[in-house]
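*Asks:* With the sequence up front, the predicted model follows.
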Amino acid sequence: MHQPVEVIGSLTGSAVFDAAAVEAVLRIDATSLTHGGEYTGRPATQIFVGEQAVVKLRSEVRLDRDTARQWIRQTLDRERALQVYHPEKTWFLFQRQADSPPLIGSICPRLTPLHTILRETPQDLQEAHQWLIRLDQLFAMNFRVAHASGRSLDEGLSNFGIGEDSALYYLDDDTYSWDRFVTTAQMIGTCVRSLPWLTAPLGLELGRALRQRIVTQWGDADGAISLIEQLRDVFIPAPERRDIISAIQEGLTEWQRRRRSRVGSGGGRPLAVLADIHGNLPALDAVLAYLRRAGVQEGLVLGDVVGYGPHPRQCIERLRQSQFIVVKGNHDDAAVAGQIKSGMTQHARWSLEWTCAQLQDDDRAWLQSLPPVVHGEGWMAVHGAPVDPSFFNAYVYQMTYEDNLNLLQRRGLPLCFHGHTHMPGLYGRHAKRGDVRCEDASQVLGEYLHCLVCPGSVGQPRNGRTAAQFGIYDPEKGQLTLHALAYDVAQTVGAMASAGFPQTLMTRLHEGT
């Protein structure tokens, strides 16, 4: 006799729903899936809603029975690890006819979809706060998954449900690549546009709660700053709702605001722009001495204080004693995490492993505290690229500069300082000449609508010159001057040789490559 349902297993390890329970729900007509309705999903997904349980058939997954069983077992292992689903969720195979291919399905206790709760008008402020807690729980669940697995939940409200135990559960079967808060920002924008009860005071509370979740999960505020930046691109057509986005940013931004007030507020005084020091103390000392003689007191350091060079602790100490603002680079981040990324070259990995062994706890704490992005009057500063949610991994170069200029244009921001490429010059968007690349030593930035400026590298130049490279920006004149300053290369190379650095890294300093 043909048995249409074969139960494979549940998240608890034992089958909570048996074949008869599944068949009973399947005898109900499938529910129409509509945008904004109680149940939503892909067109290929069929949902059957019973009084106590909901069945989902994945008709787009077509496998033979043995392969389908294996698919389900792997899915169960993955879902158990995530710990975001209702524990009674049970997977099964459904075969309408003995000769038809099996369909993969799941059954779960009937939960109340979150969007049907939050779209209603709260009775009072207390209820509004309860709903705000639900939003916080949703994002906290996703942050936990992202940190643990590098995957992301679909943060749409319809993908979450409330059980009889008042707990929040994830309803979507799938997870997605974690995009470092880009989708989170868009989801916050959706909430601001569609939830009338979400006011600016509640938005401030949400921002503070999200900040705490991020710091607790990742151990630093980088993610909060990334989310602030992504919220800048969220589309909010109603002016009265834009205040809510600002309030959420305010809740996220206290840490960043303290640093912003320290730089670029000196009445138009010149600003030193340094990047990629890379543990090269003689080069850094030469640049700092020049700036003191020139009377330049304010400055930006665009990341990668450490890595490649023999003096990581000394360079950190010099900058801690200065009044310069320092943003986090990819080498700084890797040195703090103690995890050398596979995308780095062999010599970069070697130097970072060596660097990690030299650093002390206070050095790591200082590197960890560095912001990934800083804003000033009419400019932003990052290590890598403004379009990158991490701000220190991607490069600004021939293949990417247009996207980065587009971001500046979209935000109405004239200028972005960046490092990472080690190549001094700028990409500018000119009203008449279009997008151009310019490497002149003296440039009037006011001629451009938007521009991306790299001062070159203090500690490891790569444009064929061995001199320490940096820039000085005069905001009053809108002028950038690029400098290349001789320093004692032999002293740095000697320290590298004594520490056993690879010959390739020493040769690069001698050749400027």
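*Replies:* Received, thanks.
*Asks:* Every contact and neighbour count from this point should use C-alpha atoms.
*Replies:* Fine.
*Asks:* okay, now residue 327: neighbour count?
*Replies:* Neighbour count for residue 327, taken as other C-alpha atoms under 10 Å: 26.
*Asks:* Contact partners for it?
*Replies:* Taking C-alpha atoms under 8 Å, 6 or more residues apart in numbering as the criterion, residue 327 is in contact with 300, 301, 302, 303, 370, 371, 372, 373, 374, 381, 382, 383.
*Asks:* Please flag which of the residues you listed sit within strands.
*Replies:* 300, 301, 373, 374, 381, 382 (DSSP state E).
*Asks:* any idea how far the second one is from residue 290?
*Replies:* Translated: residue 301. The gap separating residue 301 from residue 290 is 15 Å, by C-alpha to C-alpha, to the nearest Å.
*Asks:* follow-up on the earlier one: kindly indicate which of the contacts of residue 327 lies nearest residue 77.
*Replies:* Checking these against residue 77 with C-alpha to C-alpha, the nearest one is residue 372 at 35.8 Å.
*Asks:* gap between that closest one and residue 320?
*Replies:* From residue 372 to residue 320 the distance is 17 Å (C-alpha to C-alpha).
*Asks:* Looking at those two now, which is surrounded by more residues?
*Replies:* Neighbour totals were compared for residue 372 and residue 320, and residue 372 leads with 28 against 14 (other C-alpha under 10 Å).
*Asks:* Angles on the backbone of the more buried one, please.
*Replies:* Torsion angles at residue 372 (phi, psi; degrees, to the nearest 10) stand at phi -80, psi -20.
*Asks:* same deal with residue 432?
*Replies:* Dihedral angles for residue 432 - degrees, to the nearest 10 - are phi -110, psi -40.
*Asks:* same question, residue 61
*Replies:* According to degrees, to the nearest 10, residue 61 has phi -90, psi 110.
*Asks:* repeat for the one 5 residues further on
*Replies:* Here the main-chain torsion angles of residue 66 (degrees, to the nearest 10) amount to phi -60, psi -40.
*Asks:* Make CSV from the contacts of residue 327 and add pLDDT to it.
*Replies:* Shown next, in CSV, are these (pLDDT from 0 to 100):
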residue, pLDDT
300, 97
301, 98
302, 98
303, 97
370, 94
371, 93
372, 95
373, 95
374, 94
381, 98
382, 98
383, 98
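*Asks:* Any chance of a markdown table for those, columns distance to residue 274?
*Replies:* Shown next, in a markdown table, are the contacts of residue 327 (distance: C-alpha to C-alpha, whole Å):
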| residue | distance to residue 274 |
| --- | --- |
| 300 | 6 |
| 301 | 5 |
| 302 | 6 |
| 303 | 8 |
| 370 | 15 |
| 371 | 16 |
| 372 | 15 |
| 373 | 15 |
| 374 | 14 |
| 381 | 11 |
| 382 | 11 |
| 383 | 10 |
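*Asks:* Most neighbours out of the residues you listed, which is it?
*Replies:* That'd be residue 303 among the contacts of residue 327, by other C-alpha under 10 Å, with 33 neighbours.
*Asks:* Contacts only, for the residue nearest to that one when sequence neighbours are not counted.
*Replies:* Closest residue to residue 303 apart from its sequence neighbours, by C-alpha to C-alpha, 6 or more residues apart in numbering: residue 329 at 4.0 Å. Shown in contact with residue 329 (C-alpha under 8 Å, 6+ apart): 302, 303, 304, 305, 372, 383, 384, 392, 393, 420.
*Asks:* tell me the pLDDT at residue 329?
*Replies:* Residue 329 carries a pLDDT score of 97 in this model.
*Asks:* quick one, phi/psi of it?
*Replies:* phi -100, psi 170.
*Asks:* for the protein, what helix or strand is lowest in average pLDDT?
*Replies:* helix 254-260 (a mean of 49; mean pLDDT, DSSP states H and E).
*Asks:* Show me which positions of the helix or strand just after that helix end up buried.
*Replies:* Next helix or strand after helix 254-260 toward the C-terminus (DSSP states H and E): strand 271-274. For strand 271-274, burial by neighbour count (16 or more other C-alpha atoms under 10 Å) applies to 271, 272, 273, 274.
*Asks:* Quickly list what the first one is bridged to.
*Replies:* Using DSSP bridges, the bridge partners assigned to residue 271 are residue 298, residue 473.
*Asks:* Test my guess that it contacts residue 472.
*Replies:* Yes - with contacts counted by C-alpha atoms under 8 Å, residue 271 reaches residue 472, the gap being 5.6 Å.
*Asks:* Quick one: residues contacting residue 513.
*Replies:* Neighbours of residue 513 in contact, by C-alpha under 8 Å, 6+ apart: 460, 461, 462, 463, 464, 465.
*Asks:* Specify the local secondary structure of the second one.
*Replies:* Here residue 461 is coil, with the state taken from DSSP: H, G, I helix; E, B strand; the rest coil.
*Asks:* how many neighbours does it have?
*Replies:* Residues near residue 461, counting by other C-alpha under 10 Å: 26.
*Asks:* didn't it look like it was pressed against residue 422?
*Replies:* Yes - taking C-alpha under 8 Å as the definition, residue 461 is a contact partner of residue 422 at 5.9 Å.
*Asks:* you'd agree residue 85 is up against residue 167?
*Replies:* No - under the criterion of C-alpha under 8 Å, residue 85 makes no contact with residue 167, lying 10.3 Å away.
*Asks:* out of those two, which sits in the busier spot?
*Replies:* residue 85 (19 against 12).
*Asks:* Distance of residue 179 relative to residue 153?
*Replies:* For residue 179, the distance to residue 153 (C-alpha to C-alpha) stands at 11 Å.
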